[in-house]
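S.K.: My questions are about this predicted structure, shown below with the sequence.
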Amino acid sequence: MKPSLIVITGPTASGKTRRAVDLAKAVNGEIISADSRQIYRGMDLGTGKDMEEYGDTPVHLIDICPAGYKYNLYEFLRDYASAYADITSRGKTPILCGGTGLYVESVLKGLRLPEVPENPPLRKSLEDKTLEELTEILAGMKALHNVTDVDTAKRAIRAIEIQTYYQQHPEAARQAEPHPVKDALVIGVEIDREARRARITQRLHSRLAEGMIEEVKSLLDSGIPADDLIYYGLEYKFLTLHLTGKLSRQEMEQQLEIAIHQFAKRQMTWFRGMENRGFPIHWLPYDLPAEEFTANVISMAEAM
């Protein structure tokens, strides 16, 4: 295959995994997950792992961290690089599959984040500041493209710590400069709004019937704090609020469904932004027959 990397991306419920598996079988490939929540063990139904879809196709970066952990972009890029090197060393084709736009775009940018040590005096000086104050400090140090940097005070302090380190160590800042991947083929699974909404609704009801509430209850019973599960958002947020008595079953289902629809819309906004930022996405219809979808991707790869 001519591209050094094939990416299969798209919004939630578009059928990315099935497409990536079909492609992997056709091109002697292995899949690297670009899903920010499927890396957690025990979070299966809520993250839509659908492991049965992979069959005997190898997949990397799924189930690599315990639930309750807060995985970050630095760790993803480190683990992605390791998986990519492993796959290519065995003559296989790496296929990055997932809908976490930040992960996908960071890979395509060739972003490399050096390891930054903790700075205890700096942390101490920031510990009493509000999230709003921390956000203002960080905004004065860099453009806030990554909103996850400021979704909690802890993350904001870490982001300030990193930027401070870069200011003090210019060589690390240079190392962190992106080196775009010029020969990647990015495929988007295109699904119209109404079909996407119908699939999201159907999938939510199926997963609730399959035991998604029980899955979240099991995580809470294992000792994971409710706030840690709420942090993961979507299914884990609303099911935890239901199980802790803050939402009725009906309220949970209604609010969760709305939130997933909003999430899918934000994903599409990110993908359009990627295209505007110079990362072309070749969109193929979600309902294209499997063999035709795969043949289209292979044809595009061979034409590069």
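M.R.: Looks like it arrived, so ask away. Numbers count the residues shown, from 1 in each chain.

S.K.: where do the strands sit along the stretch 51-200 of the chain?
M.R.: In the stretch 51-200 of the chain, strands defined by DSSP state E, counting those that start in this stretch lie at 59-60, 65-66, 93-97, 184-190, listed in chain order.

S.K.: Give me the contacts around the third one.
M.R.: Here strand 93-97 makes contact (CB atoms under 8 Å, 6 or more residues apart in numbering) with 1, 4-9, 16-17, 19-20, 23-24, 27-34, 80, 83-84, 87-88, 104, 107. C-betas here are computed from N, CA, C, even on glycine.

S.K.: Out of those, name the ones that lie in helices.
M.R.: Among the contacts of strand 93-97, the residues falling in helices (DSSP state H) are 16-17, 19-20, 23-24, 27, 80, 83-84, 87-88, 104, 107.

S.K.: CSV for the strands of the stretch 51-200 of the chain, including mean pLDDT and distance to L131?
M.R.: As requested, these are exported to CSV (pLDDT from 0 to 100; distance: least, CB to CB, whole Å):
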stretch, mean pLDDT, distance to L131
strand 59-60, 98, 34
strand 65-66, 97, 25
strand 93-97, 98, 32
strand 184-190, 98, 34
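
S.K.: Please work out which of these is packed deepest.
M.R.: Across the strands of the stretch 51-200 of the chain, averaging neighbours per residue (mean count of other CB atoms under 10 Å) puts strand 93-97 on top, at a mean of 24.

S.K.: neighbouring strands for that one, and are they parallel or not?
M.R.: Partners of strand 93-97 in the sheet, by DSSP bridges, are strand 5-9 (parallel), strand 29-33 (parallel).

S.K.: Pick the one among the ones in helices among the contacts of strand 93-97 closest to E214.
M.R.: Using CB to CB, T17 is the member of these that sits closest to E214, with 23.0 Å.

S.K.: tell me the contacts of F293?
M.R.: R19, D22, L284.

S.K.: Compare those residues and tell me which is most surrounded.
M.R.: Sorting the contacts of F293 by how many neighbours each has (other CB atoms under 10 Å) puts R19 first, at 23 neighbours.

S.K.: Can you tell me the SS state at T47?
M.R.: What DSSP: H, G, I helix; E, B strand; the rest coil gives for T47 is coil.

S.K.: mind checking which helix or strand of the chain has the lowest mean pLDDT?
M.R.: Ranking every helix and strand in the chain by mean pLDDT, DSSP states H and E puts helix 170-175 at the bottom, with a mean of 83.

S.K.: for that one, packing partners?
M.R.: Helix 170-175 sits against helix 153-168, with contacts defined as 3 or more CB pairs under 8 Å, 6 or more residues apart in numbering; DSSP states H and E.
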